[in-house]
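S.K.: give the three-dimensional model of this entry:
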Amino acid sequence: MHSPARTARTILGFAALAACVAACAGCASTDSERGGAASPAVDPIAAAPADLWLEIRTSPGRGIVDRPKVEERATRFVLLPDGSLHGETDRVPEVGARPARLRRLSREQMGDVWSLLVSAGFADPSLADTRGNPALVEASAGTVLATLEVHAEGERYAFVRRYTAGSEDEKALRGVIRAIASLGWASDEAFAEFAELPLRYDLGADPYARFARPAADAGTAGTPR
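M.R.: Now for the predicted structure:
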């Protein structure tokens, strides 16, 4: 038999424990109501189609040479769904040959590429210029031909633009080309007048010259004595 005092202390202990549990539950529910339910983790590429594939090609027309900007030179970039980025500048391979593999983009970078296409207006098939083969389009003299071919969500479509070298035409497509080129470590060529030439120092005579074999001995080295 337990004494009345011990029984009372036990009951008070359980009551205090129940009060603590209730208080913690109240705090948790209050925090949930105040801040809202915690959002689940978001896949960074969830917004990008799983079949996202694109090809960029720029072809300067006759009379456009030695341009510094990458979007005004001959370029070709191919981005595959697995993130593999292929590209060449200036020395572009023939049609049908894939450019060299440069790197593999991360899932976050693939999501950024798709977001760029959406914001620039190149993710809507209804706005495309053609569904044919843009490789058959030729550049006109004095202009740069730029084509962007996109494959996403089961659709394949292309955008064809022309702009003049040194102008501000077609900023949207120029921005996409420069962004993809930067992912492939392609940049503008430096102007010759701004190029930093290497410094060359005159360190005097060759310190190893005295160890060199004289010319007369070098000519008779292979002659038996």
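
S.K.: any idea how far E108 is from the nearest residue to V95 once chain neighbours are set aside?
M.R.: In space, and not counting its chain neighbours, V95 is closest to A135: 5.2 Å by C-beta to C-beta, 6 or more residues apart in numbering. Bear in mind the C-beta positions are built from the backbone N, C-alpha and C, glycine included. Going from A135 to E108 by C-beta to C-beta, to the nearest Å gives 31 Å.

S.K.: repeat for G204
M.R.: 54 Å.

S.K.: the more surrounded of the two?
M.R.: A count of neighbours by other C-beta atoms under 10 Å puts E108 above the other of G204 and E108, at 11 against 6.

S.K.: state whether the more buried one is indeed within a strand.
M.R.: No: the assignment for E108 by DSSP: H, G, I helix; E, B strand; the rest coil gives helix, which leaves it out of any strand.

S.K.: any idea how far G83 is from it?
M.R.: 10 Å.

S.K.: what's the helix or strand hosting S119 in contact with?
M.R.: Using DSSP states H and E, S119 falls within helix 107-120. Contacts to helix 107-120, defined as C-beta atoms under 8 Å, 6 or more residues apart in numbering, come from residues 43-49, 52, 54, 79, 83, 105, 123, 150, 152, 172-173, 175-176, 179-180, 183.

S.K.: tell me, how many residues neighbour the closest residue in space to V176 that isn't next to it in sequence?
M.R.: Using C-beta to C-beta, 6+ apart and skipping the chain neighbours, the partner closest in space to V176 is A120 (5.5 Å). Look at A120: counted by other C-beta under 10 Å, it has 17 neighbours.

S.K.: if I look at A120, how far off is G175?
M.R.: 6 Å.

S.K.: contact partners for the nearest residue to R174 once chain neighbours are set aside?
M.R.: Leaving aside its chain neighbours, R174 sits nearest to E71 (5.0 Å; criterion: C-beta to C-beta, 6+ apart). With contacts defined as C-beta under 8 Å, 6+ apart, E71 is in contact with T58, V144, A146, L173, R174, I177, R178, A181.

S.K.: how about 10 Å then?
M.R.: Residues in contact with E71 (C-beta atoms under 10 Å, 6 or more residues apart in numbering) are 56, 58, 144, 146, 163, 165, 170, 173-178, 180-181, 188.

S.K.: so it lies in a helix, does it not?
M.R.: Yes: per three-state DSSP, E71 lies within a helix segment.

S.K.: and it, what pLDDT?
M.R.: pLDDT, E71: 90.
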